[in-house]
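K.L.:
my questions are about this predicted structure, shown below with the sequence.
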Amino acid sequence: MPLTPEDVSRIAHLARLELSPAEGSAMQTQLNDFFKIVEQMSAVDTTGLEPLHTPLSAIGNVELRLRPDAVTETNDREANMANAPAADEGLFLVPKVIE
Amino acid sequence: MSAPLHTLGVAELGRALAAKETSSVEVTQALLARAKADTHGAFLVVNDDAALAAAKAADAARASGTAHPLLGIPLAHKDIFVTRESATTAGSKMLEGYKSPFDATVVARLKAAGAVSLGKLNCDEFAMGSANENSAYGPVRNPWDASRVPGGSSGGSAAAVAAQLVPAATGTDTGGSIRQPASFTGVTGIKPTYGVCSRFGMIAFASSLDQAGPLARSAEDCALLLSAMSGFDAHDATSVQRPPQDFHAQMLHARDGATAAQPLKGLRIGLPREFFPAALAADVSGRVRAALAEMEKLGATLVDVSLPRTELSIPVYYIIAPAEASSNLSRFDGVRYGHRAAQYGDLMDMYKKSRSEAFGPEVKRRIMIGTYVLSHGYYDAYYLQAQKLRRMIADDFQACFKQCDLIAGPVAPTVAWKLGEQGDDPVKAYLADIFTLPGSLAGLPGMSVPAGLGEGGMPVGLQLLGNYFAEGTLLHAAHALQKATDFHLQRPKA
């Protein structure tokens, strides 16, 4: 089933993107072209196969490594917030979300 | 010194510096001048002050007895690695002017080895592209022919090395982004096994695929860089825990039964029949087979093998990588860093306007694909199925490596194409990644090694793929080829 303009709008909303009508229509064509080459995937029988989430698990078990729960970073709030588009007194500023 | 400084590679410069024939300051000044005069769009930032200070420090360290193969060697970083000294953009308007509070691990390790960073190199936006035409800061041009692309996404890195602005550069490879630009510009590049180089401070595109690696003028220079860049890093949860590796020593290590005339004796090179389709460009096929014939003369034997899911790796990769990208790029919300729209209404409107203004078309496409394949009702058919096929692709390689030690083929189906030639057809560009995607999905190490010139006098790359952690075998084979031939010494006309 090819994607409709409504599908494209729904996906754009989920992705937090705003597409102009021209962008949306080009996107629809390009996504539908792309999903034509994806069709060949569904023809392959993958019953019983484990998904490969991380490549090295192709040759053995990959354990998620946990670090000790210890403080390793010093407080460097000013440097870490220096790139914020809007900040005040150590807080990130956003439009009002609670009335 | 008789040879101009910019013509020297990493190992040669290291010898010249050790012999006091030149100084790091002298080399750095010479290369800074070239970088600033460059017309290929390779550099986004040239950082004179920091480079000269680092060069002076390297000369002082050498005077006081410090020695390291990279001490005082100038290089530059793909702008996907965060650096404290220069802004980091990832080729995107989203991060225009972004100043990282820390250095990426790869950057910090090269700095600790004494390498001198000249600045930051252009790349496709968030490393998404195969032509370096997706950078928000303009395309990079191929030093062999300015009307052609340098490949991507590490296009600035490849062009800078090919144009002799730097002897080496860092790059990253998610689906071929080191190997393919290396091939298009006639330089040598290696993507190590997934987990060998830390991803800490490498702006994330697709976390289960992204790997850092060097681009340089020879396998030997790549080995020197990779030794310094790699190694365990607690800051990256997928970093492989093992002792530091000396890839240069591994490269030099003679094979059992090898002779001076036959250094590759006993090496079995598998040629997947799917890597040599009838439709493969004749110039590419011819150059690759000629390079393989040279390796045969050096003692290697060629074996026919099969990677039956080569073509399937295109949809598998272009499902998995965008899925991971859509998740990674959700952090760009205009709140903590990055672009925020000037005009917006509520919070949702701020997110949408900020992201839509700052992301380029290819990034938006991949976010859309990724969001869709991860969304309710489509996850199993697309994302999960792709992950299962990814295991089949990795298993196919393990079956091949029962019959051979390395796998070889072309890096790309053609030489570098003309800027703008692919027009508005992203799928056409995706299809051209066919030979690099299988190794990426499996997480295997791979190289592009120059194999001579094809159509229009443009470079052709030989792709070599190894089994997990076989970087030493790859570098050894490439080094043997480069000692016997001069493909890697061919340079674009200035």
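P.N.:
Good, I have the coordinates.

K.L.:
make it CA atoms for all contacts and neighbour counts henceforth
P.N.:
OK.

K.L.:
list of residues touching whichever strand or helix holds B:Leu271?
P.N.:
Here B:Leu271 is covered by strand B:268-272, with elements defined by DSSP states H and E. Among residues not part of strand B:268-272, those counted as contacts by Cα atoms under 8 Å, 6 or more residues apart in numbering or on different chains are B:300-307, B:400, B:403-409.

K.L.:
could you tell me the angle between the following helix or strand past it and strand B:268-272?
P.N.:
Past strand B:268-272, heading to the C-terminal end, the next element that is a helix or strand (DSSP H and E) is helix B:282-297. Angle between the axes of helix B:282-297 and strand B:268-272 is 160 degrees (criterion: axes from the mean of the first three to the mean of the last three Cα atoms, to 10 degrees).

K.L.:
circling back to that earlier point, so which of the contacts of strand B:268-272 is the closest to B:Asp380?
P.N.:
B:Asp380 lies nearest to B:Leu307 out of these, by Cα to Cα, at 24.9 Å.

K.L.:
how many neighbours does the closest one have?
P.N.:
The number of residues packed around B:Leu307, counting by other Cα atoms under 10 Å in any protein chain shown, is 19.

K.L.:
same question, B:Glu421
P.N.:
Here the count is done by other Cα under 10 Å, and B:Glu421 has 10 residues near it.

K.L.:
local confidence estimate at it?
P.N.:
The per-residue pLDDT reported for B:Glu421 equals 92.

K.L.:
cool, the one 4 residues further on as well?
P.N.:
Looking at B:Asp425, its pLDDT reads 87.

K.L.:
can you tell me the element the nearest residue to it once chain neighbours are set aside falls in?
P.N.:
What sits nearest to B:Asp425 in space, not counting adjacent residues and going by Cα to Cα, 6 or more residues apart in numbering or on different chains, is A:Gln30, at 7.4 Å. Using DSSP H and E, A:Gln30 maps to helix A:21-42.

K.L.:
buried set for the following helix or strand past that helix?
P.N.:
Once the chain leaves helix A:21-42, the next helix or strand it forms, by DSSP H and E, is helix A:77-81. For helix A:77-81, a neighbour-count test (16 or more other Cα atoms under 10 Å in any protein chain shown) marks A:Asn80, A:Met81 as buried.

K.L.:
ok, the very next helix or strand once past helix A:77-81: who's next to it in the sheet?
P.N.:
Going down the chain from helix A:77-81, the next helix or strand is strand A:87-88, by DSSP H and E. In the sheet, strand A:87-88 lines up against strand A:91-92 (antiparallel) (DSSP bridges).

K.L.:
neighbours of the nearest residue to B:His40 once chain neighbours are set aside, just the number please.
P.N.:
Take B:His40 and drop its neighbours on the chain: the residue closest to it by Cα to Cα, 6+ apart is B:Arg141, 4.8 Å away. Under the neighbour criterion other Cα under 10 Å, B:Arg141 is assigned a count of 25.

K.L.:
ok, B:Gly345 - contacts?
P.N.:
Applying Cα under 8 Å, 6+ apart as the definition, the contact partners of B:Gly345 turn out to be A:Pro95.

K.L.:
residue contacts, the residue nearest the centre of chain A?
P.N.:
Chain A has A:Ala15 as the residue nearest its centroid, 7.9 Å off, counting by Cα atoms, centre = their mean. A:Ala15 makes contact with B:Ser326, B:Ser330, B:Ile367, B:Met368, B:Thr371 under the criterion Cα under 8 Å, 6+ apart.

K.L.:
which of these has the most neighbours?
P.N.:
Of all the contacts of A:Ala15, the most densely surrounded is B:Ile367 (28 neighbours; neighbours counted as other Cα under 10 Å).

K.L.:
measure that residue to B:Ser326 for me?
P.N.:
Distance of B:Ile367 to B:Ser326, given as Cα to Cα, to the nearest Å: 4 Å.

K.L.:
just B:Ile73 next, same as before
P.N.:
Taking Cα to Cα as the measure, B:Ile73 and B:Ser326 are separated by 37 Å.

K.L.:
which parts of the stretch 151-300 of chain B sit against chain A?
P.N.:
Taking Cα under 8 Å from any Cα of the partner chain as the contact definition, the stretch 151-300 of chain B meets chain A at B:Tyr194, B:Ser208, B:Leu209, B:Ala234, B:Ala237.

K.L.:
picking up where we left off before, tell me, what's the model's pLDDT at the residue nearest to the centre of chain A?
P.N.:
Checking the pLDDT column for A:Ala15, the value is 98.

K.L.:
other residues contacting the helix or strand of chain A with the lowest mean pLDDT?
P.N.:
Among the helices and strands of chain A, helix A:77-81 carries the lowest confidence by mean pLDDT, DSSP states H and E, at a mean of 93. For helix A:77-81, contacts defined as Cα under 8 Å, 6+ apart pick out A:Ala87, A:Gly90, B:Pro101, B:Arg336, B:Tyr337.

K.L.:
list the contacts of the residue nearest to B:Lys99 when sequence neighbours are not counted.
P.N.:
The shortest distance from B:Lys99 to any non-neighbouring residue, by Cα to Cα, 6+ apart, is to B:Ala87 (4.7 Å). B:Ala87 sits next to B:Glu96, B:Gly97, B:Tyr98, B:Lys99, B:Ser100 when contact means Cα under 8 Å, 6+ apart.

K.L.:
closest residue of chain A to chain B?
P.N.:
With distances taken as Cα to the nearest Cα, chain A approaches chain B most closely at A:Pro51, which sits 4.1 Å away.

K.L.:
and the pLDDT for the spatially most central residue of chain B?
P.N.:
If you average the C-alpha coordinates of chain B and look for the closest C-alpha using Cα atoms, centre = their mean, you land on B:Ile178, 2.0 Å from that point. At B:Ile178, the pLDDT value in this model is 98.

K.L.:
can you name the residues that contact it?
P.N.:
Taking Cα under 8 Å, 6+ apart as the contact definition, B:Ile178 lies against B:Gly152, B:Ser153, B:Ser154, B:Gly171, B:Thr172, B:Gly189, B:Ile190, B:Lys191, B:Gly213, B:Pro214, B:Leu215.

K.L.:
for the third one, give its distance to B:Tyr318.
P.N.:
Right, B:Ser154. Taking Cα to Cα as the measure, B:Ser154 and B:Tyr318 are separated by 18 Å.

K.L.:
out of those two, which sits in the more crowded spot?
P.N.:
Under the neighbour definition other Cα under 10 Å, B:Ser154 and B:Tyr318 were set side by side, and B:Ser154 has more, 38 against 22.

K.L.:
roughly how far apart are the more buried one and B:Gly439?
P.N.:
17 Å.

K.L.:
so B:Leu13 is in which element?
P.N.:
Assignment of secondary structure by DSSP H and E places B:Leu13 within helix B:10-18.

K.L.:
other SSEs contacting that helix?
P.N.:
helix B:219-229 (3 or more Cα pairs under 8 Å, 6 or more residues apart in numbering or on different chains; DSSP states H and E).

K.L.:
then the helix it packs on to CSV, C-alphas only?
P.N.:
Taking C-alpha atoms only, helix B:219-229 is exported to CSV below (Å, rounded to 0.1, in the frame of the first residue of the first chain):
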residue,chain,number,x,y,z
ALA,B,219,48.1,1.5,4.6
GLU,B,220,51.1,2.2,6.7
ASP,B,221,49.9,5.7,7.5
CYS,B,222,46.4,4.3,8.3
ALA,B,223,48.0,1.8,10.7
LEU,B,224,49.8,4.5,12.6
LEU,B,225,46.6,6.6,12.9
LEU,B,226,44.4,3.6,13.9
SER,B,227,46.7,2.5,16.7
ALA,B,228,46.4,5.9,18.3
MET,B,229,42.7,6.4,17.7
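
K.L.:
understood, closing this out.
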